[in-house]
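Student: Structure for the following, please:
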Amino acid sequence: MTTSCSHVLLWVRDIHQAVRDYRQLGFRVDYATAEAKAQHAHIWFRRGPAIELLTAPATAKWFKWPLELAFGRGAGHRMVRWTRNEGFCDVAVAVDSDDLTGERRALAKAGIPVGRVVRWKRTKPDGAHVRFQFAYPRNEHLPFLVTPYDTPQCPPEVHHPNGAVALRQVRMAVQERDFAAVRRLVGDDPTFSLEPGERTRIRDVALEGLLTELDPTLLHGATFLSWGDESCSKAS
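Tutor: Numbers count the residues shown, from 1 in each chain. The predicted structure follows:
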């Protein structure tokens, strides 16, 4: 089964403030659900992976075990980790199937246990429903699996006033003991650049087409590179 980068998760304390800030930075940002109760918003690109802004209650740490029950073993620790600091907190890889059951079984045989498959439905601001599945590896630091969205959420036309046209690279630090599992999950997708690290995490994301520098005070802990800069070349 082939996998590819679906989206990078950016955890923020206040989703509405983050949406305002990223719009000020020149991104088009679309709420994933009705704005009033939204916990997710997307930065789509003309092609390739997206960025998902998400938030969760500050009290999430008290719900670790209910989260495990709701979203599978490993989910509670993962979601609590997301809320420790603003910034890139996770990455999803899309499989070329609308059912994760087979891939979950294959990963288990490869020594990568994965929690149960969660079937999810989201209602967009226009009332349309989006269905998809996801599953979290029990190791909370590994990328997680997601199926393609049905129906697709990406708008047909995307234009960012700051010039960004694509997310070209996700640079990850990978702890030695996680390396084989991360490689198994991300496959040969050239979007990922893996480097040795003391713990497995996302270091930064490179965007193609940026015309201006991004104000770091509005980034909510995220680090962006401009694709083509020397730092990107070194990481490729």
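
Student: Okay, now the unreliable bits of the protein?
Tutor: For the chain, the stretches flagged by pLDDT under 70 are 1, 57-62, 230-236.

Student: Walking through it, point out its helices one by one.
Tutor: Shown for the chain, the helices assigned by DSSP state H span residues 15-24, 64-71, 75-82, 101-109, 179-186, 230-235.

Student: Single out the most deeply packed of those.
Tutor: Mean neighbours per residue, mean count of other C-beta atoms under 10 Å, is largest over the helices of the chain for helix 75-82, with a mean of 20. Quick note: C-beta positions are derived from backbone N, CA and C, even for glycine.

Student: Can I get that one in CSV? Just the C-alpha atoms.
Tutor: Output of helix 75-82 as CSV, limited to C-alpha atoms (Å, rounded to 0.1, in the frame of the first residue of the first chain):
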residue,chain,number,x,y,z
ALA,A,75,-4.8,8.3,21.2
GLY,A,76,-5.0,9.7,24.7
HIS,A,77,-1.2,10.2,25.1
ARG,A,78,-1.0,11.6,21.5
MET,A,79,-3.7,14.2,22.0
VAL,A,80,-2.5,15.3,25.4
ARG,A,81,1.0,15.7,23.9
TRP,A,82,-0.5,18.0,21.2
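
Student: before we move on, back to that, just send the helices of the chain back as CSV, with distance to E35 too.
Tutor: Below are these laid out as CSV (distance: least, C-beta to C-beta, whole Å):
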stretch, distance to E35
helix 15-24, 8
helix 64-71, 24
helix 75-82, 21
helix 101-109, 34
helix 179-186, 33
helix 230-235, 34
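
Student: which one of those lies closest to G221?
Tutor: helix 15-24 (10.1 Å; C-beta to C-beta).

Student: Quick one: list the elements packing against that closest one.
Tutor: Judged by 3 or more C-beta pairs under 8 Å, 6 or more residues apart in numbering; DSSP states H and E, the packing partners of helix 15-24 are strand 40-43, strand 50-54.

Student: so which of the ones you listed comes closest to S6?
Tutor: Among the helices and strands packed on helix 15-24, strand 50-54 sits nearest to S6 (C-beta to C-beta), with 7.5 Å.

Student: Buried ones in the closest one, by neighbour count?
Tutor: Counting neighbours by 16 or more other C-beta atoms under 10 Å, one finds that the buried residues in strand 50-54 are A50, I51, E52, L53, L54.

Student: partners of it, with directions?
Tutor: Sheet pairing here is set by DSSP bridges, and for strand 50-54 it gives strand 3-11 (parallel), strand 40-43 (antiparallel).

Student: Please save the CA atoms from the shortest one in PDB.
Tutor: As requested, the backbone C-alpha atoms of strand 40-43 are provided in PDB (Å, rounded to 0.1, in the frame of the first residue of the first chain):
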ATOM      1  CA  HIS A  40     -10.200  22.800  13.000                       C
ATOM      2  CA  ALA A  41      -9.200  25.000  10.100                       C
ATOM      3  CA  HIS A  42      -7.300  24.300   6.900                       C
ATOM      4  CA  ILE A  43      -4.600  26.000   4.800                       C
END
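
Student: Pull the residues that contact it.
Tutor: Outside strand 40-43, the residues that touch it by C-beta atoms under 8 Å, 6 or more residues apart in numbering are 7, 15, 18-19, 22, 27-33, 50-54, 122, 153-154, 160.

Student: The first one too?
Tutor: Strand 3-11 has contacts (C-beta under 8 Å, 6+ apart) with 18, 42, 48-56, 82-83, 85-96, 145-146, 167, 170, 185-187, 189, 191-192, 202, 205, 220-222.
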